[in-house]
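K.L.:
Generate a structure from the sequence data that follows.
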Amino acid sequence: MRPFSRYLSLLLAPALLLAAGCGSGLVNANSSNSAFSVAPGASVIDTNCTGCNAINTSGALVQQFSAKLPNGSPAEVIWSVQGGDATSGPGSINASGQYTPPSFLTGDRGEVVVTATLAANTSQRASTLLTVTPGFLQPLTPENVALGANGSVNFTGVLAEAGGSAAINFELGAGSTGSLGPVTCQRDNKAFTSCAVTYTAPSSVLATGTTTVLATVAGPAFGAGSKVSAVVLVNNAGVTSNPAAHQGLMPATIALGTSGGNNTDYDTRGSQIVDCCSGTLGALVEDANKRKYLLSNNHVLAKSDHASVGDTIVQPGLIDNNCSPMGDGGGLQPVAQLTGWLPLSAKRTNADAALALISSRSMDLSGGILELGGRQADGTLAAAPPGISSTGGKGEAATLDLKVAKSGRTTGLTCGGVSTVDLDVKVDYYQDCAETRPYLTKTFTHQLGLSGNQFSDAGDSGALVVDAANAEPVGLYFAGGTDIAGVSQGVANPATDVLNELDGQLGGSYTFIGTTDHAVSCLSYGDSTISSAQGRSLSDVETARAQQALTQARMLVNSGTGILGIATGKSIDRPSEAAVVLYTDESRTVSVPATVDGVRTIAIPTTAHAVIYGSAPQTPFESGLPVLPSAVLARAETIKDQAAAELMRQNPSFFGVGVGQSLDNPREAALMIYVDRNRLPAQMPPAVDGLRTRYIVMERLHVTRSYASYVPQRLHCAPKAASTPGGFDLFKTLQPR
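P.N.:
Just a heads-up that it's a prediction; the model follows:
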């Protein structure tokens with residue numbers, strides 16, 4: 001899985017116009033000689049290689065080349081690459097042997113020779129042949145959609161190939177319903193190849209479920225092939241929800257939950273714009289004088305502290321206008337002017353937020369957010385303001401396991417849950433969309449962790465997160481990613497904290513603009529956390545650990561203490577680890593140790609009869625997750641507050657620590673620890689100060705880079721001055737940085 005940014009970036013590729021001159025002079029590859037050898041041997045990867053220069057879930061380096069002496073010890077070598085594509089070149093390799101492919105190809109494949117030269121004797125060389133093929137540049141568009149019976153949608157995939165003859169193969173995943181039409185592809189020497197297919201839902205839908213559309217680039221020239229997928233929520237409520245409605249120019253009244261951003265949010269090379277960024281226009285707030293402001297993230301509206309007061313905020317964002325700002329053609333409309341932001345560089349700031357004073361008469365001043373309302377006659381969801389009647393527009397405090405919804409630029413309207421509270425998390429910021437100039441790494445405290453399949457993706461930054469039961473604001477989405485189970489993991493600033501900080505740092509006594517509380521008609525794509533953990537195979541070492549722990553576990557079986565039996569199983573709090581299952585008396589509150597002989601435990605409430613006859617439940621939550629008592633959560637938060645900073649200091653691979661619910665024993669809280677999948681530590685303790693630990697393994701959080709990348713038909717020149725509406729008066733409310 002690639003990381004995704006909350007702040008969508010579009011990367012242009014003028015390199016197509018410049019020949020790299022690296023496509024000739026290939027030599028035969030010989031991976032060994034009398035002095036040393038290189039590995040791996042001949043291999044195939046794609047231009048958008050998933051996991052390149054990273055560590056996979058097993059802890060092994062991916063696309064890592066190595067050199068060894070005959071005795072097996074590492075050889076000190078100098079790495080180099082040659083060959084590759086005639087235009088984009090061979091890619092690059094660093095001093096440690098980690099290879100990065102070129103960003104695109106102009107043919108169906110490129111042959112790259114990776115050479116190692118012995119540092120002690122430069123006449124000794126060994127090489128290996130690497131075949132690079134086109135890879136997907138982004139998820140399918142759309143990457144998620146909801147359809148009722150007979151509904152249809154077009155899916156499009158884009159390959160990093162200009163010219164060539166590669167095509168995309170589309171198919172339905174196992175257990176899917178509906179049908180796919182014929183595939184059509186568009187190819188051009190100056191634009192990347194795109195292929196599209198139409199999916200049609202079945203004529204009748206008895207129960208809501210998900211269908212997966214798989215896209216692959218496969219065949220003899222492509223090895224295993226690059227793969228991406230999209231999910232269709234086929235629902236019996238007849239709801240149609242397509243994120244595409246959030247991404248274009250709004251034709252009439254401008255609602256929130258749409259694409260937008262700063263008109264100057266682009267990078268330049270010389271006088272040319274080479275990439276750009278965008279996010280989501282989240283919500284409307286007003287101050288004590290009833291002036292109305294657009295609310296979104298600092299990194300969406302204020303370019304991570306690098307904007308200027310008065311900058312024009314546009315709809316849609318530059319990402320959805322081919323990186324063309326106002327002043328370089330049409331396609332955009334000004335909606336607000338940047339007023340102020342909470343500076344990320346300030347230690348006192350604990351939210352990623354910015355305000356822009358409304359300047360467009362076409363803005364929905366009632367605060368309507370796309371798809372936040374009820375189902376309409378055509379199956380689509382109406383726009384509606386958030387609910388404010390319960391809190392007077394000040395926002396609602398979220399609780400663990402609360403069902404929430406958000407309406408964002410990339411994934412549209414989706415539902416998920418609050419999986420973590422009191423989260424301390426580190427987030428990386430950059431000065432540019434391409435993430436070549438780091439700005440700072442900021443630690444936010446007491447944040448909300450959100451999770452759910454397809455809940456969020458790049459470009460959803462700035463979206464308002466609401467309680468699905470009443471549409472009351474609970475958070476401002478600003479960062480996230482996808483974990484190893486394929487579940488979206490997001491982070492939001494608590495809504496009340498955002499308003500309080502805006503009040504304290506910018507002044508104004510802000511409240512959300514909205515309406516009477518109302519339910520949100522969203523549909524959930526589910527959560528594959530549990531099924532993914534149970535589907536992972538255990539290593540022989542883990543299986544042996546569990547078997548060994550059974551000896552000590554047998555000593556715990558005692559009807560008097562409520563432990564009725566034991567077995568071996570798989571941990572959900574730490575996927576890929578074995579566990580000892582303890583069957584407990586469901587009529588009692590049973591004390592269960594977090595570990596037995598160093599092995600995690602799973603507590604499954606049941607009856608003695610079920611244990612004897614082998615009919616006990618397979619998981620602890622077949623009857624649903626229980627609500628944790630406030631005292632249990634309070635104890636966990638105390639431990640977290642004492643341990644979080646030290647855990648992240650001692651182990652840099654831990655970038656977030658909060659409080660959640662154990663899935664191995666749902667009657668207990670857990671310390672939620674977010675782990676960098678590229679730097680998996682050797683030790684991941686099963687408990688901290690007696691509190692169970694639950695690990696979320698994913699890419700580190702950062703907010704300015706995405707994987708949308710195109711070869712433009714033409715390059716854009718940066719305008720000499722930002723375009724702003726004439727005569728606009730800021731009422732002298734502009735705040736300094």
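K.L.:
Do I have it right that Val697 meets Val675?
P.N.:
Yes - contact criterion C-beta atoms under 8 Å: Val697 and Val675 qualify, at 4.9 Å. C-beta coordinates here come from the backbone N, C-alpha and C atoms, glycine included.
K.L.:
Next, count neighbours for the residue lying closest to Gly181 once chain neighbours are set aside.
P.N.:
In this structure, Gly181 finds its nearest non-sequential neighbour in Thr198, 4.1 Å apart by C-beta to C-beta, 6 or more residues apart in numbering. By other C-beta atoms under 10 Å, 15 other residues sit near Thr198.
K.L.:
Now for Thr198: which residues touch it?
P.N.:
With contact taken as C-beta atoms under 8 Å, 6 or more residues apart in numbering, Thr198 is in contact with Ser152, Val153, Asn154, Phe155, Leu180, Gly181.
K.L.:
Let's see that with 10 Å instead.
P.N.:
Ser152, Val153, Asn154, Phe155, Phe170, Ser179, Leu180, Gly181, Pro182, Val183, Thr184 (C-beta atoms under 10 Å, 6 or more residues apart in numbering).
K.L.:
same question, Gly462
P.N.:
Contacts of Gly462 (C-beta under 10 Å, 6+ apart): 6-7, 256-257, 260-261, 278-283, 294-301, 317, 352-354, 408-409, 476-478.
K.L.:
Would you quantify the distance from it to Asp497?
P.N.:
16 Å (C-beta to C-beta, to the nearest Å).
K.L.:
Check Gly490 too.
P.N.:
Separation of Gly490 from Asp497 (C-beta to C-beta): 16 Å.
K.L.:
quick one: which of the two has more around it?
P.N.:
Using other C-beta under 10 Å, the more surrounded residue of Gly490 and Asp497 is Gly490, with 30 against 21.
K.L.:
Would you mark the buried spots in stretch 359-378?
P.N.:
Of all the residues in stretch 359-378, those buried under the rule 16 or more other C-beta atoms under 10 Å are 359-360, 363-365, 367-373, 375.
K.L.:
Closest one of these to Cys522?
P.N.:
Distances from Cys522 to these, taken as C-beta to C-beta, are shortest for Glu371 (7.6 Å).
K.L.:
Could you tell me the model confidence score at that closest one?
P.N.:
As predicted, Glu371 sits at a pLDDT of 97.
K.L.:
In this structure it contacts Ser521, no?
P.N.:
Yes - using C-beta atoms under 10 Å, Glu371 is in contact with Ser521, at 8.1 Å.
K.L.:
joint contacts of the two?
P.N.:
Common neighbours of Glu371 and Ser521 (criterion: C-beta under 10 Å, 6+ apart): Val239, Ser241, Leu381, Ala382, Ala384, Ala405, Leu413.
K.L.:
still on that earlier bit, are any of the contacts of Gly462 buried, and if so which?
P.N.:
6-7, 256-257, 260-261, 278-283, 294-301, 317, 352-354, 408-409, 476-478.
K.L.:
Okay, and which of those map to helices?
P.N.:
Per DSSP state H, helices hold the following members of the buried ones among the contacts of Gly462: Asn298, His299, Val300, Leu301.
K.L.:
Would you map the helices across the stretch 601-737 of the chain?
P.N.:
For the stretch 601-737 of the chain, helices defined by DSSP state H, counting those that start in this stretch occupy the ranges 608-612, 630-650.
K.L.:
possible to save these as JSON lines with mean pLDDT?
P.N.:
Putting the helices of the stretch 601-737 of the chain into JSON lines (pLDDT from 0 to 100) gives the following:
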{"stretch": "helix 608-612", "mean pLDDT": "94"}
{"stretch": "helix 630-650", "mean pLDDT": "96"}
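K.L.:
right, and those helices - which one's nearest Asp401?
P.N.:
It's helix 630-650; of the helices of the stretch 601-737 of the chain, that one is closest to Asp401 (C-beta to C-beta) at 10.9 Å.
K.L.:
Buried residues in the closest one, which are they?
P.N.:
Buried, per 16+ other C-beta under 10 Å, within helix 630-650: Val632, Leu633, Arg635, Ala636, Glu637, Ile639, Lys640, Ala643, Ala644, Leu647, Met648.
K.L.:
Give me the helices and strands touching that helix, please.
P.N.:
strand 412-430, strand 438-452, strand 654-661, strand 669-676, strand 687-688, strand 691-698 (3 or more C-beta pairs under 10 Å, 6 or more residues apart in numbering; DSSP states H and E).
K.L.:
pLDDT below threshold where in the stretch 401-550 of the chain?
P.N.:
Within the stretch 401-550 of the chain, not a single segment meets pLDDT under 70.
K.L.:
which residues of it fall in strands?
P.N.:
Along the stretch 401-550 of the chain, counting by DSSP state E, counting those that start in this stretch, strands occupy 403-408, 412-430, 438-452, 464-467, 473-482, 488-494, 511-512.
K.L.:
what's the most buried one of those strands?
P.N.:
Compared across those, strand 464-467 shows the largest average neighbour count, a mean of 31 (mean count of other C-beta atoms under 10 Å).
K.L.:
From the contact counts, what lies against that one?
P.N.:
On a contact count with 3+ C-beta pairs under 10 Å, 6+ apart, strand 464-467 meets strand 283-286, strand 403-408, strand 412-430, strand 473-482, strand 488-494, helix 495-506.
K.L.:
Which of these sits closest to Ala166?
P.N.:
Proximity to Ala166 (C-beta to C-beta) singles out strand 473-482 among these, at 25.6 Å.
K.L.:
beta partners for the residue most central in space within the chain?
P.N.:
Nearest to the geometric centre of the chain sits Gly481, at 2.4 Å (C-alpha atoms, centre = their mean). Gly481 forms beta bridges with Gln489, as assigned by DSSP bridges.
K.L.:
Would you agree it is in contact with Asn678?
P.N.:
No - the pair Gly481 and Asn678 does not pass the contact test of C-beta under 10 Å, sitting 11.8 Å apart.
K.L.:
Could you check how far Ala603 is from Leu625?
P.N.:
Distance from Ala603 to Leu625, by C-beta to C-beta: 13 Å.
K.L.:
got it, and Gly569?
P.N.:
18 Å.
K.L.:
which stretches of the stretch 101-250 of the chain have low pLDDT?
P.N.:
Flagging of the stretch 101-250 of the chain using pLDDT under 70 yields the residue ranges 218-225.
K.L.:
could you pull out the strands for it?
P.N.:
110-118, 125-133, 144-147, 152-158, 169-172, 179-180, 184-188, 191-200, 209-217, 226-234.
K.L.:
Identify, out of those, the most deeply packed stretch.
P.N.:
strand 144-147 (a mean of 28).
K.L.:
list the helices and strands it packs on?
P.N.:
With contacts defined as 3+ C-beta pairs under 10 Å, 6+ apart, the packing partners of strand 144-147 are strand 152-158, strand 191-200, strand 209-217, strand 226-234, strand 412-430.
K.L.:
Tabulate those (JSON lines), appending distance to Val466.
P.N.:
Below are the helices and strands packed on strand 144-147 laid out as JSON lines (distance: least, C-beta to C-beta, whole Å):
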{"stretch": "strand 152-158", "distance to Val466": "25"}
{"stretch": "strand 191-200", "distance to Val466": "29"}
{"stretch": "strand 209-217", "distance to Val466": "23"}
{"stretch": "strand 226-234", "distance to Val466": "19"}
{"stretch": "strand 412-430", "distance to Val466": "10"}
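K.L.:
If we only consider the buried residues of stretch 359-378, which is nearest to Val234?
P.N.:
Val234 lies nearest to Arg375 out of these, by C-beta to C-beta, at 15.5 Å.
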